[in-house]
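> Return atomic coordinates for the entry below.
(one chain, ligands or ions: 1)
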Amino acid sequence: MVSRFLSFLVLGFLILGCRDKASQKNGKAPQAPNIVLFFVDDMGWQDTSVPFWDKRTPYNDLYQTPNMERLAQEGMKFTQAYSTAVCSPTRVSLMTGMNAARHRVTNWTLHKDKLQPMETNHKTLKFSEWNVNGMSPVAGTEKAVHATPLPQILKDAGYYTIHSGKAHLGAIGTPGENPLNLGFEVNIAGHAAGAPQSYLGSDYFGNGKKGKEIWAVPGLEKYHGTDIFLTEAITQEAKLAMDAALGKDRPFFLYMAHYAVHTPIMADSRFVQKYYDKGLDSTEAKYASLVEGMDKSLGDIMDYLEDKNVSDNTIILFMSDNGGLSAVARGGEKHTHNKPLSSGKGSAREGGIREPMLVKWPGKIEPNSVEDQPLIIEDFYPTILEMAGIENYETVQPVDGVSFLPVLTGKSMDGTRPLFWHYPNEWGPSGPGIGASSTTRVGDWKFIYYYNDGSMELFNLREDIGETKNLVVERPEKAKELAKILSDYLRKVEAQLPSRKDTGEQIAYPDEAFQ
Ligand code: CA
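Just a heads-up that it's a prediction; the model follows:
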């Protein structure tokens with residue numbers, strides 16, 4: 001810890017020292033870039049007017065996200081960017097740089113020390129004691145992964161670190177529940193829960209509702225009783241926090257982590273009418289209004305940066321934490337909301353994990369560019385630190401992510417690197433690809449192994465983006481190859497596997513199950 005602190009101190013002096021010298025020369029301090037990570041909750045790959053596939057879909061015509069279009073025109077669009085299938089594993093990977101198989105926060109968190117009822121009540125599987133308490137910045141927190149959080153490193157290097165919106169990084173009553181313990185200097189509305197009780201200021205964002213306290217959005221008291229939507233309130237507060245950063249003449253890191261478009265699916269009254277007019281059912285119209293409200297926030301932040309004349313030195317990254325919800329709570333037919341992708345949130349199929357991702361970096365990234373390089377959420381950690389110019393940082397955890405900065409500047413990355421997902425858990429709803437599973441993607445090939453019944457799927461994503469044709473029988477040698485790559489990785493990172501409830505026996509690794 002001491003050596004880490006010293007190295008940051010030295011780094012800080014170096015950064016500040018260089019700035020001072022430059023200031024003396026030309027009166028203007030060159031500054032590390034500001035970084036805005038615009039992170040949407042539960043937004044699907046098709047919930048936008050920006051086409052992320054090689055052709056437009058009816059969803060691209062339905063949803064209106066003009067500011068995402070603007071960001072795509074000014075930056076780079078990633079067509080094969082991945083998160084995990086549910087909230088907390090993704091968020092912990094983002095903040096630690098670790099793959100979920102290693103950090104073991106493999107399902108969503110809320111209550112301290114407790115497995116969710118759908119896990120304890122599972123018919124056939126007994127689940128391991130995964131890290132139900134999320135991440136922790138200090139050693140010794142039980143059932144939590146101890147890690148050096150991304151914002152802590154940024155803060156130690158001189159960044160003003162702002163958290164606005166949903167945190168969902170640690171269970172109630174643990175250090176990780178409070179963003180201020182994770183290296184953020186400002187926390188707007190973030191706590192342990194992964195959804196708001198209400199999006200409405202007129203509802204006090206759910207505060208004061210008996211029995212619903214854990215879901216009530218904290219802070220934001222000045223908006224209580226007013227006619228404001230949560231998406232707007234946390235954006236306005238983020239702008240005030242950026243004002244404070246600019247006043248301090250420090251680069252800032254804004255983690256703009258929207259509660260939208262997670263349930264409860266409530267109408268954002270500023271936008272909902274046009275979707276009713278389009279003939280959508282009530283739920284889908286409300287959902288589309290949540291999406292457009294989120295997009296308005298993006299536009300407001302882009303406008304703010306331009307007005308303050310800092311746009312040229314600000315990087316914006318846009319990402320979502322899992323696929324679009326499709327198994328429950330949506331209008332229309334289940335499992336179709338991310339088409340052409342299969343399934344949605346909670347699924348190992350592409351609809352559960354493939355995300356809309358955009359990056360703008362003036363002067364570095366070619367405007368209006370498209371990148372097909374597959375990458376995964378833990379890659380953001382080393383990338384953001386490299387963007388900030390922070391080198392030789394020390395972390396208590398091994399970092400699995402690989403910086404995608406070369407891709408941003410027109411160079412290539414290793415296209416053969418396998419990507420891994422590990423979900424030895426139960427989410428609740430059912431549907432294609434939903435259930436305890438482990439997955440790898442190697443090149444165009446994707447292999448999924450299901451713990452409940454030992455079944456396997458092999459897809460060629462280049463030829464079959466909808467994962468309609470399971471090729472395990474047709475291409476057994478390819479399936480076997482990927483099962484081995486996946487199993488070797490799970491063993492290497494000591495991933496947790498479920499057991500059979502009746503015999504207590506651990507379920508076989510994918511390569512053991514392959515007969
Ligand atoms: Ca989510």
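
> make it CA atoms for all contacts and neighbour counts henceforth
Will do.

> residues in contact with the most centrally placed residue in the chain?
Centroid-nearest residue in the chain, with Cα atoms, centre = their mean: Asp321, separated by 2.9 Å. By Cα atoms under 8 Å, 6 or more residues apart in numbering, the contact set of Asp321 is 39-43, 83-87, 90-91, 355.

> Please apply the same query to Leu461.
Neighbouring residues of Leu461 by Cα under 8 Å, 6+ apart: Asp444, Trp445, Lys446, Glu467.

> please redo it, this time with the cut-off set to 7 Å
Asp444, Trp445, Glu467 (Cα atoms under 7 Å, 6 or more residues apart in numbering).

> what about the first one, neighbour count?
By other Cα atoms under 10 Å, the residues close to Asp444 number 15.

> Surely it touches Asn460?
Yes: using Cα atoms under 7 Å, Asp444 is in contact with Asn460, at 5.6 Å.

> Would you map the helices across the stretch 201-350 of the chain?
230-247, 272-277, 282-307, 350-353 (DSSP state H, counting those that start in this stretch).

> about what we covered before: distance of the residue nearest to the centre of the chain relative to Val402?
18 Å (Cα to Cα, to the nearest Å).

> cool, and Tyr423?
21 Å.

> more neighbours, those two?
More neighbours surround Tyr423 than the other of Tyr423 and Val402, with 31 against 19 (other Cα under 10 Å).

> Hmm, the more buried one is touching Ser438, no?
Yes: counting by Cα under 7 Å, Tyr423 touches Ser438, with 5.9 Å between them.

> Enumerate the residues of this protein near the ion.
Residues of the chain found near the ion (Cα under 5 Å from the ion) are Asp41, Asp42, Cys87.

> Parallel or antiparallel, which strands does the strand or helix carrying His422 pair with?
His422 is part of strand 419-423 when elements are defined by DSSP states H and E. The strands beside strand 419-423 in its sheet (DSSP bridges) come out as strand 437-442 (antiparallel).

> Give me the pLDDT for the residue nearest to the centre of the chain.
Model confidence at Asp321, given as pLDDT, is 98.

> try Val2
Confidence for Val2, expressed as pLDDT, is 38.

> Now for Glu391: which residues touch it?
Neighbours of Glu391 in contact, by Cα under 7 Å, 6+ apart: none.

> how much space between it and Lys55?
40 Å.

> Out of the residues of the chain next to the ion, flag the one nearest to Gly140.
Cys87 (23.8 Å; Cα to Cα).

> Wait, the closest one touches Asn322, no?
Yes: in terms of Cα under 7 Å, Cys87 counts as a neighbour of Asn322; the distance is 6.4 Å.

> Pro356: how many residues sit nearby?
28.

> Also Glu378?
27.

> Does it touch Gly401 like I think?
Yes: proximity of Glu378 to Gly401 meets the contact threshold set by Cα under 7 Å, at 4.6 Å.

> picking up where we left off before, narrow the contacts of Asp321 to those in strands?
Phe39, Val40, Glu355 (DSSP state E).

> The residue lying closest to the second one once chain neighbours are set aside: what's it in contact with?
Leaving out its chain neighbours, the residue that sits closest to Val40 by Cα to Cα, 6 or more residues apart in numbering is Ser320, at 4.6 Å. Residues near Ser320 by Cα under 7 Å, 6+ apart: Phe39, Val40, Asp41, Asp42, Met43, Glu355, Pro356.

> wait, isn't Ala286 in contact with Met266?
Actually, residue 286 is Lys rather than Ala. Yes: contact between Lys286 and Met266 holds when scored by Cα under 7 Å: they sit 5.6 Å apart.
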